[in-house]
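In: return a 3D structure for these sequence lines:
(2 chains)
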Amino acid sequence: MHSFGIPDIVARWLTATCLVLGTYNPYALSYVHWIRDVPGQHSMKVLVGVTLLILHVVAILSATRSLGMIGIGLLTALFASAAWTLIDHHVLDVEEPRVFILTLLIILSTLYGLGMSWSHLRNRIAGQVDSTDVTHNSPI
Amino acid sequence: MVAKRTLLCAFVVLAAYNPSGNSYVHWILSSEHISPLQICIGIALLTALVILTRMAYLSIKYFGIVAFSLLIMMSITFCVGLGLFAFQDVEITAYMVQFWAIMILGFGNTWAFVWKRISGERDVVRSPP
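Out: Predicted coordinates for the structure are as follows:
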């Protein structure tokens, strides 16, 4: 049986990063740039927009369901302090607004990636299974 | 299976605090200013402890914690009965308390696998409200 490992986490993190940066990044080549800068192609823009929206909803739901508010809070604090460490060691220059926004987006994508990995990791570490009760209407 | 998880719990608990002088608490207390790296590692340790404690608690609950504590105490009594050491030698030190916490966390995180193996039932966590 396939055992969930680091390559699976990296694959989810890369997918989440592509999703987040594909939707918006402060440099170029994102959905927002396409909408803003390129005229026409309306049907294609709506199709891609709805697809991105669905993918974001899937990522947010899986992260909220598996991590919970406490998990999201702790991980956000962890990544924010990691970014602070990098800023303190002059690895990141957040005076540049684009770098600052990119850092926030990378933190978001890491949260998405870990949110999609956490149920697998929990199952592997403690043998517990995360579940969603599909027979009752869940608020999320 | 138990050993790997107990080792993981031992690493996290002992890295946070141990009386030898090489731990996160000592690192914080001995430095004049708290650096961002120390805060980052502190949050990482806190996150790991919350994760391990929460998962262990969900698997064994209070009954399991009491049962495993009794098991540890009875093992000490058993060792005394075998004559390995005397009751007078048993001291409640920081290491003793940490050993107890590590064993509870290790057993707690393994219990769902043991339960699945014994009864075929899985521990299921509902999505948070």
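In: closest residue of chain B to chain A?
Out: Nearest residue of chain B to chain A: B:Ala112, at 3.2 Å (C-beta to the nearest C-beta). Any C-beta I mention is one placed from the backbone N, CA and C, and that applies to glycine too.
In: could you report the pLDDT at that residue?
Out: For B:Ala112, the pLDDT comes out at 93.
In: what about it, neighbour count?
Out: 26 (other C-beta atoms under 10 Å in any protein chain shown).
In: can you tell me how far the residue nearest to it when sequence neighbours are not counted is from B:Ala3?
Out: In this structure, B:Ala112 finds its nearest non-sequential neighbour in A:Gly127, 3.2 Å apart by C-beta to C-beta, 6 or more residues apart in numbering or on different chains. When distance is defined by C-beta to C-beta, to the nearest Å, A:Gly127 is 15 Å away from B:Ala3.
In: with neighbour numbers in mind, choose between those two.
Out: A:Gly127 (22 against 9).
In: these two touch, right, that one and B:Gly108?
Out: No - assessed by C-beta atoms under 8 Å, A:Gly127 is found out of contact with B:Gly108, at 10.7 Å.
In: who touches both of the two?
Out: B:Ser59 (C-beta atoms under 8 Å, 6 or more residues apart in numbering or on different chains).
In: just the buried residues of stretch B:23-32, please?
Out: B:Ser23, B:Tyr24 (16 or more other C-beta atoms under 10 Å in any protein chain shown).
In: same question for stretch B:71-91.
Out: Buried, per 16+ other C-beta under 10 Å, within stretch B:71-91: nothing.
In: for stretch A:44-58, same thing?
Out: By neighbour count with 16+ other C-beta under 10 Å, stretch A:44-58 contains the buried residues A:Val48, A:Leu52, A:Leu55, A:His56.
In: closest one of those residues to chain B?
Out: Each of those was scored against chain B by C-beta to the nearest C-beta, and A:His56 proved nearest at 18.4 Å.
In: pLDDT wise, what is the closest one at?
Out: In this model, A:His56 carries a pLDDT of 96.
In: and the helix or strand harbouring it, is it in reach of chain B?
Out: Per DSSP states H and E: A:His56 is located in helix A:42-88. Yes - Helix A:42-88 reaches chain B (C-beta under 8 Å from any C-beta of the partner chain) through A:64-66, A:68-70, A:74-75, A:77-78, A:81-82, A:84-85, A:87-88.
In: averaged pLDDT, stretch B:66-82. What do you get?
Out: The predicted model assigns stretch B:66-82 a mean pLDDT of 91.
In: am I right that B:Val125 sits in a strand?
Out: Yes - using DSSP: H, G, I helix; E, B strand; the rest coil, the assignment for B:Val125 is a strand.
In: and A:Thr135, its phi and psi?
Out: phi -80, psi -20 (degrees, to the nearest 10).
In: same check, this time on B:Ser35
Out: Torsion angles, degrees, to the nearest 10, at B:Ser35: phi -90, psi 160.
In: what is the end-to-end distance of stretch B:30-42?
Out: 15 Å (C-alpha to C-alpha, to the nearest Å).
In: need the contact partners of it.
Out: Against stretch B:30-42 from outside (C-beta under 8 Å, 6+ apart): A:Leu78, A:Ser81, A:Ala82, A:Trp84, A:Thr85, A:Ile87, A:Asp88, B:Tyr24, B:Trp27, B:Ile28.
In: which is the next helix or strand following the helix or strand containing the last one?
Out: Counting by DSSP H and E, the element that carries B:Ile28 is helix B:24-30. Under the assignment DSSP H and E, the closest C-terminal helix or strand after helix B:24-30 is helix B:36-82.
In: check which element follows that next one along the chain.
Out: Taking DSSP H and E, what comes next after helix B:36-82 is helix B:94-119.
In: which residue lies nearest the spatial centre of chain B?
Out: Nearest to the mean C-alpha position of chain B, by C-alpha atoms, centre = their mean, lies B:Ile102 at 2.4 Å.
In: buried sites along the one helix or strand in chain B whose mean pLDDT sits lowest?
Out: In chain B, no helix or strand scores lower on mean pLDDT, DSSP states H and E than strand B:123-126, which sits at a mean of 86. For strand B:123-126, burial by neighbour count (16+ other C-beta under 10 Å) applies to B:Asp123, B:Val125.
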